[in-house]
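J.: whatever this is, show me its structure:
(one chain, ligands or ions: 2)
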Amino acid sequence: MKILLLGSGGREHAFAWKLSQSPLCEKIFVAPGNAGTSQHGQNVAIGVNDFDAIEKFVLANSIKLVVVGPEDPLVNGIYDYFQSKDELKNIPVIGPSKVGAQLEGSKAFAKQFMIRHNIPTAAYGEFTIENLEDGFDFIDEQIPPIVLKADGLAAGKGVLILPEHGEAKENLREMIEQNKFGKASAKVVIEEFLKGIEFSVFVLTDGVNYKILPNAKDYKRIGEGDTGLNTGGMGCISPVPFVDAALIKKVEERVIIPTIEGLKKDNIVYKGFIYIGFMNVDGEPYVIEYNCRMGDPETEIVLPRIKNDLVELLVAVGNGSLEKEVIEIDERAAATVIVASGGYPEEYEKGKEISGLNDARDSIIFHAGTKQDGDKVLTNGGRVLAVTSYGKDIHDSVAKSNAAIEKINFEGKYYRRDIGYEFR
Ligand code: AMP
Ligand code: GLY
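T.: Ligands and ions are numbered 1, 2, ... in the order given. Down below sits the predicted model:
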């Protein structure tokens, strides 16, 4: 079958790599893709939110499966768009309906969902211009640090963790009155601060059945030892050493099952990935956030650890037969280390020639921000490559990725050498 994959990052290169291994995959198109995705299929110059152009392309090329990488088109309703058109509605779109995508698109929606379905999460309040004064009172009742979250999508920047009440109130005012995060912060969720260690669990669902995929822990800060600015993620590891069978059992019983049941009870159509961010508070899992898609760079280790035919799994999601599938997980550990442009996550230069891409033979090099220019590959983003390696444990897999990165060069190359440091 012909498949259309939407997106252009490391996550999409990992999807293209995995989907193209399936005997069911006749050809894969990636819109818009990057220099890495074109190794596995054909890039097409269509934006992920250009639903008209996507429709025309899908019909003209007899596409039979659409896989959505990033959250934007999901929150904008690509699933519903396909359902609303007679010629498109039988072509499965892997991703939730517009309402389902609100689990990521609106923090307040996600909190209400969790409260309604008894899913463990931090206590919270939600505030707008209408009840700003109540927001100040709510802040006074919190023990710092105080967690403020813009309700809407804010490109990963909408969460502030503030050390004292006064600063929290100032920021609340800026978010609501002065559009600190644009429209996304017209509403703000204020949360109890949870102390613990984060981890992520990924679920694939057809809306009725679900499968738990390998877990991961990511490293969001730019600097070694988790210092400096937040990024989209500088690397991650799988499996997470402290996520044992007992913790996963709690996650499944207290969060995954109530989430799937809650979606059903609320009549929310959801056929796709759910990425659940957790805080492990003394062995008890609390949900920090839902994402309506796979993570980036988490996909770059989660998919390599799944042995199944991914096309077969996604077809089963589309037709509601996921129950009969058995997920087979590679026992090896995996790590991915991001190679970034110097300056990221602040200003950085693009267009630097990358050398050594073929020298790192023991690792999988996923392209994130790259561009093909004749026979050269150029940097084209802040996160440039995700270098994934298998190993007997976390230490081994990270060491292999680091060694591979030493063979790759471009001006300004930066990476964290300490991914997985707590477990090495
Ligand atoms: P989110 O976008 O909701 O994942 O939040 C971004 C980051 O803020 C998370 O990855 C956590 O590190 C942190 N965070 C969010 N909510 C809380 C909370 N209630 N308590 C402690 N840390 C939090
Ligand atoms: N790595 C974080 C995310 O994909 O949201």
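J.: when you work out contacts or count neighbours from here on, use the C-alpha atoms and nothing else.
T.: Noted.
J.: list the residues that contact residue 201.
T.: 212-216, 275-278 (C-alpha atoms under 8 Å, 6 or more residues apart in numbering).
J.: kindly report the same for residue 392.
T.: Going by C-alpha under 8 Å, 6+ apart, residue 392 touches 332-333.
J.: same check, this time on residue 148
T.: By C-alpha under 8 Å, 6+ apart, the contact set of residue 148 is 159-162, 168, 172, 188-191.
J.: now with 7 Å, please.
T.: 159-161, 188-191 (C-alpha atoms under 7 Å, 6 or more residues apart in numbering).
J.: only whichever of those residues are buried, select them in ChimeraX.
T.: Here is the ChimeraX selection string for the buried members of the contacts of residue 148, based on 16 or more other C-alpha atoms under 10 Å:
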select :159,160,161,188,189,190,191
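J.: the contacts of residue 201 in helices, which ones?
T.: Secondary structure from DSSP state H places none of the contacts of residue 201 in helices.
J.: format those as a markdown table; extra columns: pLDDT and neighbour count.
T.: Shown next, in a markdown table, are the contacts of residue 201 (pLDDT from 0 to 100; neighbours: other C-alpha atoms under 10 Å):
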| residue | pLDDT | neighbour count |
| --- | --- | --- |
| 212 | 98 | 16 |
| 213 | 98 | 19 |
| 214 | 98 | 24 |
| 215 | 98 | 23 |
| 216 | 98 | 26 |
| 275 | 98 | 22 |
| 276 | 98 | 25 |
| 277 | 98 | 20 |
| 278 | 98 | 23 |
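J.: which SS class is the closest residue to residue 186 other than its chain neighbours?
T.: Spatial nearest neighbour of residue 186, chain neighbours left out: residue 176 (4.8 Å); criterion: C-alpha to C-alpha, 6 or more residues apart in numbering. Taking DSSP: H, G, I helix; E, B strand; the rest coil as the rule, one finds residue 176 in the helix state.
J.: quick check on residue 374: phi, psi?
T.: Backbone geometry at residue 374, expressed as degrees, to the nearest 10, gives phi 60, psi -130.
J.: tally of neighbours for it?
T.: Other residues near residue 374 come to 7 when the count uses other C-alpha atoms under 10 Å.
J.: ditto for residue 261
T.: For residue 261, using other C-alpha under 10 Å, the count is 16.
J.: can you say which helix or strand has it in it?
T.: Assigned by DSSP states H and E, residue 261 belongs to helix 257-265.
J.: now that helix: buried residues?
T.: 258-263.
J.: how close does the residue nearest the centre of the chain sit to residue 17?
T.: Nearest to the geometric centre of the chain sits residue 295, at 1.9 Å (C-alpha atoms, centre = their mean). Separation of residue 295 from residue 17 (C-alpha to C-alpha, to the nearest Å): 16 Å.
J.: OK, contacts around whatever residue of the stretch 251-400 of the chain ends up closest to ligand 1?
T.: For the stretch 251-400 of the chain, the residue closest to ligand 1 is residue 289, as judged by C-alpha to the nearest ligand atom, at 4.8 Å. Contacts for residue 289 (C-alpha under 7 Å, 6+ apart) come out as 276-277.
J.: name the helices or strands packed onto the strand or helix carrying residue 248?
T.: If you go by DSSP H and E, residue 248 is part of helix 245-251. Using 3 or more C-alpha pairs under 7 Å, 6 or more residues apart in numbering; DSSP states H and E, no helix or strand is in contact with helix 245-251.
J.: residues of it that come out buried?
T.: Neighbour-count burial for helix 245-251 flags 248, 251 (criterion: 16+ other C-alpha under 10 Å).
J.: let's see that helix as PDB, backbone CA atoms only.
T.: The C-alpha trace of helix 245-251 is given here as PDB (Å, rounded to 0.1, in the frame of the first residue of the first chain):
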ATOM      1  CA  ALA A 245       6.700  -4.200  36.300                       C
ATOM      2  CA  ALA A 246       5.100  -2.900  39.500                       C
ATOM      3  CA  LEU A 247       5.200   0.700  38.300                       C
ATOM      4  CA  ILE A 248       3.900  -0.200  34.800                       C
ATOM      5  CA  LYS A 249       1.100  -2.200  36.400                       C
ATOM      6  CA  LYS A 250       0.000   1.000  38.300                       C
ATOM      7  CA  VAL A 251       0.400   3.000  35.100                       C
END
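J.: gap between that helix and the chain center?
T.: Relative to its chain's centre, helix 245-251 lies at 22 Å (C-alpha atoms, centre = their mean, to the nearest Å).
J.: quick check: residues of the protein near ligand 2?
T.: By C-alpha under 6 Å from any ligand atom, the part of the chain that sits against ligand 2 consists of 232-233, 295-297.
J.: redo that, cut-off 5 Å
T.: 233, 295-296 (C-alpha under 5 Å from any ligand atom).
J.: kindly format the C-alpha coordinates of the helix or strand of the chain with the lowest mean pLDDT as PDB.
T.: Lowest by mean pLDDT, DSSP states H and E among the helices and strands of the chain is strand 180-183, with a mean of 90. The C-alpha trace of strand 180-183 is given here as PDB (Å, rounded to 0.1, in the frame of the first residue of the first chain):
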ATOM      1  CA  LYS A 180       2.900  36.300  27.000                       C
ATOM      2  CA  PHE A 181       2.300  33.100  24.900                       C
ATOM      3  CA  GLY A 182      -0.200  34.600  22.500                       C
ATOM      4  CA  LYS A 183      -3.700  33.200  22.500                       C
END
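J.: any chance you could list what contacts that strand?
T.: Strand 180-183 is contacted by residues 154, 158, 174-175 when judged by C-alpha under 7 Å, 6+ apart.
J.: of those residues, select the buried ones using a ChimeraX command.
T.: The buried residues among these can be selected in ChimeraX (16+ other C-alpha under 10 Å) with this line:
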select :154,158,175
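J.: state the pair within the contacts of strand 180-183 that is farthest apart.
T.: Greatest spacing in these, by C-alpha to C-alpha: 154 and 174 (14.7 Å).
J.: what is the burial count for residue 416?
T.: Residue 416, neighbours per other C-alpha under 10 Å, totals 19.
J.: contact partners for it?
T.: Counting by C-alpha under 7 Å, 6+ apart, residue 416 touches 223-224, 234.
J.: let's see it at 6 Å
T.: With contact taken as C-alpha atoms under 6 Å, 6 or more residues apart in numbering, residue 416 is in contact with residue 224.
J.: confidence score at it?
T.: pLDDT recorded at residue 416 is 98.
J.: residue contacts, residue 153?
T.: Shown in contact with residue 153 (C-alpha under 6 Å, 6+ apart): 105, 184.
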